[in-house]
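# this one's structure only:
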Ligand SMILES: Cc1ncc(COP(=O)(O)O)c(C=O)c1O
């Protein structure tokens, strides 16, 4: 792959890009029940324009681009206000939930270094429902994740188990509002209370829920306590690019006060170049996402958000009741907002096969593996783009379930398991090839059917499945497949 010697025409560029995009799922159809948070066409146009207006400005340096500091402070201020922060609460704009969580963990680590020098091997205690990004933060920052169970059926964090997991090395307790997988809000006041009793920091991951839950509460829906009004909560993350309906690349990390936030920051004045002073992980960055977030928050206003949340919650109620009404399926726990997971209650229905069958009918739902006490399930996140498709989804779901019930019960899962049990797994090319062959993929291309892959990934030991994923991605992300064949 090379840059063309002569530049392409604009027309060809956009035709080619449109062709690439044509391979993606059509989220505008409202049939993609995850990944997308769409506020409607008018708001989308405003976001688009604001993003483009600030595309080239560099938020690296507010002395050159003071607008970026202003935008960041105003967006952070509006978010802090929603999350009941007092005047001492401070925060920053980040590129997404993962960056916000990495920063929350870094801040906790460096705060502990400053205030608890005896902690040499820092640990954070988190329920098994905490987002994967905490593991990423742990991996990058050398903090040990100490994972605790959630209660059977309710999937709520077991706060007693979190208490038992606290050691002299603990620096942080984590709760989610809500956890992504099941859409269930942890008992934040109990977790934060436990943190206070033990003189620990407490992070609330409100990445997916922070904004939506606020407006639910305003509309009178029952919402568990989760924000800065809860004593003991020391930091909160809230993504604007999810239910804040901003363009992607927009999240906010908030801290109780500046004394804590100081541990997030980085400065370098010792090299030969310009002075670096960064609040977040990234340095040079487009101001597009913060301008777009600022624009959508101001464009929608409280009224606009309330309207969206009401529509989305009505559709979610319909979906949850509809799924529960289908013989052979059940929604897991009691979801608090507009995301939920459903599992099979019938040996005739394998959820991974169901996901593939729904995909053939144009629907995307997200498979989630059986982990801890959470059975294999399919995840749905509703948003404004999907509201008008709720009835159609339930109709196709019911039909697909009826079709699957007609099929012979497949022995494939059992056979795969038996074959995997026999396999002596080594972290080498031969094992990789064998596993990809069993999964029916080449190992260098994107798969179209996921059922067998999911079956295999679900039962492999975690370190093996994570190794396979990394090998796979490492093979997939090359321009010249022939030169890089495994
Ligand atoms: C609760 C929660 N935390 C963190 C994240 C990570 O966010 P991002 O994908 O923006 O990095 C997500 C993403 O869905 C989430 O739901």
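Perfect, I can see it now. Only a predicted model underlies this, so the values are computations on that prediction, with no experimental measurement involved.
# helices or strands next to the helix or strand hosting residue 164 in the packing?
In this structure, residue 164 sits in helix 159-165 according to DSSP states H and E. For helix 159-165, the elements it packs on are strand 123-127, strand 144-148, helix 188-197, judged by 3 or more CB pairs under 8 Å, 6 or more residues apart in numbering; DSSP states H and E. The C-beta positions use only the backbone N, C-alpha and C, and glycine is treated the same way.
# Now do the second one: which elements does it pack against?
Just to be clear, that refers to strand 144-148. Here strand 144-148 is seen to pack against strand 123-127, helix 132-141, helix 159-165 when contacts are counted using 3+ CB pairs under 8 Å, 6+ apart.
# and it, which residues are buried?
145-148 (16 or more other CB atoms under 10 Å).
# still on that earlier bit, quick one: which of the helices and strands packed on helix 159-165 is nearest residue 155?
For the helices and strands packed on helix 159-165, the distance to residue 155 is smallest for strand 123-127, at 8.9 Å, taking CB to CB.
# ok, back up a step: reformat the helices and strands packed on helix 159-165 as a markdown table; add mean pLDDT and distance to the ligand.
Putting the helices and strands packed on helix 159-165 into a markdown table (pLDDT from 0 to 100; distance: least, CB to the nearest ligand atom, whole Å) gives the following:
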| stretch | mean pLDDT | distance to the ligand |
| --- | --- | --- |
| strand 123-127 | 98 | 11 |
| strand 144-148 | 98 | 14 |
| helix 188-197 | 98 | 13 |
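# which stretch among those comes nearest residue 226?
Between residue 226 and the helices and strands packed on helix 159-165, the shortest gap by CB to CB is with helix 188-197, which sits at 4.5 Å.
# can whichever helix or strand comes after the closest one be found next to the ligand?
Along the chain past helix 188-197, the next helix or strand (assigned with DSSP H and E) turns out to be strand 201-205. Yes: for a cut-off given as CB under 6 Å from any ligand atom, strand 201-205 has contacts with the ligand, namely residue 205.
# The closest residue to the ligand within the stretch 351-486 of the chain pairs with what?
When CB to the nearest ligand atom is the measure, the stretch 351-486 of the chain has its nearest residue to the ligand at residue 381, with 8.3 Å between them. With DSSP bridges as the criterion, the beta-bridge partners of residue 381 are residue 339.
# What parts of this protein come near the ligand?
In this structure, the chain approaches the ligand at residues 96-98, 101, 131, 133, 176, 180, 205, 207-208, 239, 251, judged by CB under 6 Å from any ligand atom.
# Just the closest of those residues to residue 300, please.
Within the set of those, residue 239 lies nearest residue 300; the separation is 15.6 Å, counting by CB to CB.
# Go ahead and confirm the closest one touches residue 209.
No: here residue 239 lies out of contact with residue 209, judged by CB atoms under 8 Å, at a distance of 9.2 Å.
# so where is the stretch 351-486 of the chain shaky, pLDDT-wise?
Judged by pLDDT under 70, the stretch 351-486 of the chain has its weakly predicted residues at 481, 483-486.
# Give me the distance from stretch 75-93 to the chain's centre.
Relative to its chain's centre, stretch 75-93 lies at 21 Å (CA atoms, centre = their mean, to the nearest Å).
# Tell me the span between the first and last residue of it.
Distance across stretch 75-93, first residue to last, is 8 Å (CA to CA, to the nearest Å).
# Quick check: the residue of the stretch 1-150 of the chain nearest the ligand.
Closest residue of the stretch 1-150 of the chain to the ligand, CB to the nearest ligand atom: residue 97 (2.3 Å).
# Setting the sequence-adjacent residues aside, check what's closest to that residue.
Distances taken as CB to CB, 6 or more residues apart in numbering place residue 207 nearest to residue 97, at 3.5 Å, with adjacent residues excluded.
# go on, residue 50?
Setting aside the residues directly before and after it, residue 50 is nearest to residue 295 in space (CB to CB, 6+ apart), at 3.5 Å.
# and residue 366, what is it in contact with?
Neighbour list for residue 366: 33-34, 355, 378-381 [criterion: CB atoms under 8 Å, 6 or more residues apart in numbering].
# An error on my part: the question was meant for residue 149.
If you count contacts by CB under 8 Å, 6+ apart, then residue 149 has 127-128, 158, 161, 372-373 around it.
# hmm, try it at 6 Å
158, 161 (CB atoms under 6 Å, 6 or more residues apart in numbering).
# what are the phi and psi values for it?
phi -80, psi 170 (degrees, to the nearest 10).
# what pLDDT does it get?
Residue 149 carries a pLDDT value of 98.
# again, but for the one 5 residues further on
Among the per-residue scores, residue 154 shows a pLDDT of 97.
# Just give the number of residues close to the closest residue to it other than its chain neighbours.
Setting aside the residues directly before and after it, residue 154 is nearest to residue 333 in space (CB to CB, 6+ apart), at 5.3 Å. In terms of burial, residue 333 registers 23 neighbours under the definition other CB atoms under 10 Å.
# what's the answer for the one 5 residues further on, then?
Other residues within reach of residue 338 by the criterion other CB under 10 Å amount to 30.
# That one and residue 234, how far apart?
Distance, residue 338 to residue 234, using CB to CB, to the nearest Å: 27 Å.
# coming back round to it: and which of the buried residues of strand 144-148 is nearest residue 272?
When those are compared for distance to residue 272 (CB to CB), residue 145 comes out closest, at 38.1 Å.
# ok, the closest one to residue 258 distance?
Per CB to CB, residue 145 is found 28 Å from residue 258.
# roughly how far apart are the residue lying closest to residue 178 once chain neighbours are set aside and the ligand?
Distance criterion CB to CB, 6+ apart; nearest residue to residue 178, sequence neighbours excluded, is residue 185 at 4.4 Å. Using CB to the nearest ligand atom, to the nearest Å, residue 185 is found at 11 Å from the ligand.
# quick one: contacts for residue 58?
residue 284.
# Phi and psi next, for it.
Reported as degrees, to the nearest 10, the phi and psi values for residue 58 are phi -110, psi 110.
# same thing with residue 60?
Residue torsions, per degrees, to the nearest 10, at residue 60 are phi -60, psi -30.
# That one against residue 286, yeah?
No: checked against CB atoms under 6 Å, the pair residue 60 and residue 286 is beyond contact range at 10.0 Å.
# pLDDT at residue 65, what is it?
You'll see residue 65 listed with a pLDDT of 97.
# Touching, it and residue 56? I think so.
No: because the distance of 9.9 Å does not satisfy CB under 6 Å, residue 65 is recorded as not touching residue 56.
# And these two? Which one has more around it.
residue 65 (17 against 10).
# and the more buried one, what is it in contact with?
Listed by CB under 6 Å, 6+ apart, the contact partners of residue 65 are residue 57.
# Report the separation between it and residue 92.
Taking CB to CB as the criterion, residue 65 is separated from residue 92 by 16 Å.
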